[in-house]
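Asks: Here is a sequence with its predicted model. Questions after.
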Amino acid sequence: MPSNPAFAPHDRTKQVFAVTLFVDDLAATERFYHDVFGMPLVDKQRDAVAYRFSNLVVNLLLASSAPELVAPAPVGGPGTEARALLTLEVDDVDAFATHLRALGVRILNGPVDRPWGSRTMTFADPSGHCWELSS
């Protein structure tokens, strides 16, 4: 793809400030995010809730409300394969793993020391969004 020297996107962008995850059961996912992460709730609507993670807002939106945001692309259905991984930096992956297990969260893998130097573990929220914890 040829570049346009008059347009430099990196000079015009600031930061990713929000991620919207399409969810199937808003109440269960809201409880999950409250219990697992304990981040402040910044907005609550009929079909969405949003939590503040330091410099990022994670918006949980009912999948039935998502088509207008992504049309004409389809909204993926429940049980589809993982297509993304959100990574959260934590001080102690093992301590967080203990917290998750106490909540009954199913851990997909880890904690494990990765070849690139991080200790990580991965789990999924009730709608199947994968989260990685990394030290």
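Replies: Now that the structure is in, tell me what you want to look at.

Asks: quick one, strands of the protein?
Replies: For the chain, the strands defined by DSSP state E occupy 18-23, 41-44, 48-53, 56-62, 85-89, 107-113, 119-124, 130-134.

Asks: wait, which of the ones you listed is closest to Thr29?
Replies: strand 18-23 (4.4 Å; CB to CB). (Glycine included, C-beta is placed from N, CA and C.)

Asks: Make CSV out of the strands of the chain and add mean pLDDT and mean neighbour count.
Replies: CSV is the format used below for the strands of the chain (pLDDT from 0 to 100; neighbours: other CB atoms under 10 Å):
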stretch, mean pLDDT, mean neighbour count
strand 18-23, 95, 18
strand 41-44, 96, 12
strand 48-53, 96, 17
strand 56-62, 96, 19
strand 85-89, 93, 13
strand 107-113, 96, 14
strand 119-124, 95, 18
strand 130-134, 94, 19
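
Asks: how far away is Arg106 from Ala73?
Replies: 29 Å (CB to CB, to the nearest Å).

Asks: you'd agree Glu30 is up against Leu60?
Replies: Yes: under the criterion of CB atoms under 8 Å, Glu30 makes contact with Leu60 at 6.5 Å.

Asks: can you list residues touching both of the two?
Replies: Both Glu30 and Leu60 are contacted by Val49, under the criterion CB atoms under 8 Å, 6 or more residues apart in numbering.
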